[in-house]
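K.L.:
Fold the following for me, if possible:
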Amino acid sequence: MKKILALLIAAGVSLSAAAAPETYVIDGTHTFPRFEYSHFGFSTQLSRFDTTTGKIVIDKAAKTGSVDVTIDAKSVNTGYATFNNHIQGADFLDTAKYPTITYKSTKLNFNGDALASVDGNLTIKGVTKPVTLTVTSFKCMPHPMLKKEACGANAVAKILRSDFNAGKYAPNVGDEVTLTFAVESIKE
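P.N.:
Predicted coordinates:
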């Protein structure tokens, strides 16, 4: 009886170890949040942020985890320095007062073994709103160069910039903004 109990305890410890959450640090050299919007209906403008930090915790067996991302709003890159400064102004991101944009998950949603979406809270200009990111791709594997486990994903969401007190010139400059996140992370 003691042997059976010892085996059951060992199996329980072994199973819980296999289902342990794993922490991945965002690789800022391969992670670029992008945003796009209509510019007077003439074109769709696409810009990005160059500096992103954060962690992703995932327990693949339990299908749980968390996402915690901080974007340096001053790293906005429109491709034109004068416009970068304009976007950082009080009418839009107001980076002097709000230097970061954050996203903190509340739930990871799986479809079978695949990560399908992430529910969370997006904070821009001190305003926090619930935003669901739809995951369009997700892959974990050993990184061929770093020789460590890595995970990458692409996700998309739509927001209204007026919901975050950044609606200057709407509707001429589109209020609806498509957010696209290309993220890569390396296991701690």
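K.L.:
can you give me the helices in this structure?
P.N.:
2-18, 81-88 (DSSP state H).
K.L.:
Pull the contacting residues for V173.
P.N.:
Contacts for V173 (C-beta atoms under 8 Å, 6 or more residues apart in numbering) come out as Y37, S38, H39, F40. For the C-beta atoms, the positions are set from N, CA and C on the backbone; glycine is no exception.
K.L.:
And the pLDDT at D113?
P.N.:
For D113, the model assigns a pLDDT of 87.
K.L.:
what's the distance between the nearest residue to it once chain neighbours are set aside and F110?
P.N.:
Residue nearest to D113 in three dimensions, not counting chain neighbours: K60, with 7.2 Å by C-beta to C-beta, 6 or more residues apart in numbering. Note on K60: its distance to F110, by C-beta to C-beta, to the nearest Å, is 9 Å.
K.L.:
re the thing from before, let me see the contact set for the residue nearest to D113.
P.N.:
Counting by C-beta under 8 Å, 6+ apart, K60 touches E22, D113, C140.
K.L.:
Distance of L108 relative to S137?
P.N.:
15 Å.
K.L.:
Please read the previous query as pertaining to Y37.
P.N.:
Taking C-beta to C-beta, one finds Y37 at 23 Å from S137.
K.L.:
More neighbours: those two, which one.
P.N.:
Y37 (17 against 11; other C-beta atoms under 10 Å).
K.L.:
Now do the same for the more buried one: its pLDDT.
P.N.:
97.
K.L.:
Cheers, nothing more for now.
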